[in-house]
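[1] Provide a 3D model corresponding to the input given below.
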Amino acid sequence: MKKVTVLLCVLMLPFLTIPGQNLVPNPGFETYTSCPAAMIGEIFKATPWVNHLNSNDYFNVCGAASVLVPNNTLGNQPARTGNAYGGFIPVSGTVRECMRVPLTCMTAGVKKFLNPATRRIAGTEPAKTSH
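    The predicted structure follows:
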């Protein structure tokens with residue numbers, strides 16, 4: 001009986017998924033100090049996110065019409081999870097935007113993997129890379 005139980009456990013191992021630890025605080029932009037009022041770089045309202053380059057935008061179901069979820073100035077974009085999301089333009093001519101957040105529980109020497117959920121604004125061209 002013990003051999004059968006051990007064999008079943010070993011056979012099931014490849015099918016088990018172990019979720020990784022999320023090092024990004026407030027990954028869904030759900031924690032906020034106040035609702036966004038306009039597309040004027042208010043990502044800082046989703047604490048602890050901040051503008052790193054230029055003006056990153058914060059969209060929420062409680063926001064003004066231009067930053068409302070899902071319908072806003074940029075079209076219709078539901079949140080991936082919850083009621084909010086952050087937005088930025090990675091490259092547009094000479095303008096670059098980038099938002100940042102301090103990661104938690106960083107251990108030196110341990111590899112980290114980034115798996116962001118991104119979406120392109122409807123009706124826009126895919127990003128072009130330059131070397």
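[2] So which helix or strand of the chain has the lowest pLDDT on average?
    When the helices and strands of the chain are scored by mean pLDDT, DSSP states H and E, helix 2-12 comes last with a mean of 45.
[3] what's the next secondary structure element after that one?
    As assigned by DSSP states H and E, the chain's next helix or strand after helix 2-12 is strand 50-53.
[4] Would you agree residue 88 is in contact with residue 116?
    No. Counting by Cβ atoms under 8 Å, residue 88 stays clear of residue 116, with 11.2 Å between them. The way it works is simple: take the backbone N, C-alpha and C, and place the C-beta from them, glycine included.
[5] out of those two, which sits in the busier spot?
    More neighbours surround residue 88 than the other of residue 88 and residue 116, with 18 against 6 (other Cβ atoms under 10 Å).
[6] and that one, what does it touch?
    Shown in contact with residue 88 (Cβ atoms under 8 Å, 6 or more residues apart in numbering): 43, 56, 57, 97, 98, 99.
[7] Identify the farthest-apart pair in these.
    Spatial extent of the contacts of residue 88 (Cβ to Cβ) is set by the pair 57 and 98 at 12.6 Å.
[8] who's more crowded, those two?
    A direct count of neighbours by other Cβ under 10 Å for residue 57 and residue 98 places residue 57 higher, at 25 against 12.
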